[in-house]
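[1] Just to be clear, the model below is a prediction. Sequence and coordinates:
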Amino acid sequence: MYYRCCLVALSLLVGCSGEGISPPAVDPQAAARAAMTQYDTNKNGALDGDELAAAPGFNAALPSMDQDHDGQLSTDEIASRVKVIVGDEVGMLQLRCTVTLDGQPLAGALVTAIPEPALGSQFRRATGTTDNDERAGLTMGLEGFPGMQCGIFRIEISHKDEAGQETLPAKYNTATTLGMEVAMDLPTTERGMKFALSSKPEPKQ
């Protein structure tokens, strides 16, 4: 059985005061231009190849963003998808998340979802730690509510030993290649996210 961070999916949360949590405001075109400014290093007007590798969140969102299926993202494609993601006006939702290492459940892993900077300052990171009783949850760094915003995130997963030393490869944390798109229209949002990690080194090219 997998250790899980985040339980039960797709419920809109309300605060202790009873006030709803407002969805973040974002200008899709401005977000798309910001993404290009940050990642389009060759200035060809699209994100592809190594540029997407440097943008784990957008790379993870490629299947839903890449409307013409050419393996790259244009400004219009990013803006169009961001508009869909924020268009449902969901303030926060809960999401199942499982973490395994070499096919085995990984307890005590700290999972951090970091919004892609292009989305703007209203998007907040979420964190959660996997545990034995499957009750860990991704908790937004906003007023302590359990859950996370819809958006585009890079994912960092850290697991330290008793001496405080990192046990996972840098590709999962300090130099993460992991990303996640959270949106109401994605099957993975309903089913939950699974991160299958490996302790084996990458094969040499």
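    Okay, I see it.
[2] what ranges do the strands span in this protein?
    46-47, 73-74, 97-101, 104-105, 110-115, 126-129, 139-140, 151-158, 178-182, 193-197 (DSSP state E).
[3] worst average pLDDT in those strands?
    For those, mean pLDDT drops lowest on strand 139-140, to a mean of 55.
[4] So P56 sits against I155, correct?
    Yes. Here P56 lies in contact with I155, judged by C-beta atoms under 8 Å, at a distance of 7.0 Å. In this view, the C-beta of every residue, glycine as well, is placed from N, C-alpha and C.
[5] list residues touching both of those two?
    Residues touching both P56 and I155 by C-beta atoms under 8 Å, 6 or more residues apart in numbering: T176, L178, G179.
[6] and the last one, how many residues sit next to it?
    The number of residues packed near G179 is 21, by other C-beta atoms under 10 Å.
[7] Pairing partners for it in the sheet, please.
    R154 (DSSP bridges).
[8] From G91, how far off is it?
    To G91, G179 is 22 Å away according to C-beta to C-beta, to the nearest Å.
[9] cool, and the second one?
    Applying C-beta to C-beta, the value for L178 to G91 is 25 Å.
[10] before we move on, back to that, now flag whichever of the shared contacts of P56 and I155 is closest to G151.
    G179 (11.1 Å; C-beta to C-beta).
[11] Identify the residues contacting that closest one.
    G179 touches A55, P56, G57, F58, N59, A60, A61, I152, F153, R154, I155, counting by C-beta under 8 Å, 6+ apart.
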